[in-house]
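K.L.:
using only what follows, build the 3D model:
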Amino acid sequence: MSVNNVSQTENLKCASASAGLYLSYPFSVRWLLGSKLLGGYEGYKSCYTDTARLGGCGGFQLGTGVSATYLAS
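P.N.:
This is a model prediction of the structure:
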């Protein structure tokens, strides 16, 4: 972890869990289009830096994405 471009001796620890929908659609014989929509929670433990203490926090997260797959043979 770095704060203001200064490397710190303490590690930032976090954990997250997500769940959601993964969808795919065969666009043609060789192309597959996909998308995802995820929701979850991520939490951080408190840690100490050389200048200050960063308190622990957590919150909900949302993620989305698209993909394209080509089948080459």
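
K.L.:
ok, what's across the strand from the residue nearest the centre of the chain?
P.N.:
Nearest to the mean C-alpha position of the chain, counting by CA atoms, centre = their mean, stands residue 63 at 7.3 Å. The residues paired with residue 63 through beta bridges, assigned by DSSP bridges, are residue 38.

K.L.:
also the one 4 residues further on?
P.N.:
According to DSSP bridges, the partner residues bridging residue 67 are residue 34.

K.L.:
how deep is it tucked in, by neighbour count?
P.N.:
Burial measure for residue 67: 11 neighbouring residues, criterion other CB atoms under 10 Å. Every C-beta, even on glycine, is put in place using the N, C-alpha and C of the backbone.

K.L.:
one step back: for the residue nearest to the centre of the chain, give me its contacts.
P.N.:
For residue 63, the residues meeting the contact criterion (CB atoms under 8 Å, 6 or more residues apart in numbering) are 18, 20, 36-40.

K.L.:
could I get the residues you listed as a markdown table with pLDDT?
P.N.:
Formatted as a markdown table, the contacts of residue 63 follow (pLDDT from 0 to 100):
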| residue | pLDDT |
| --- | --- |
| 18 | 95 |
| 20 | 96 |
| 36 | 95 |
| 37 | 96 |
| 38 | 96 |
| 39 | 97 |
| 40 | 96 |
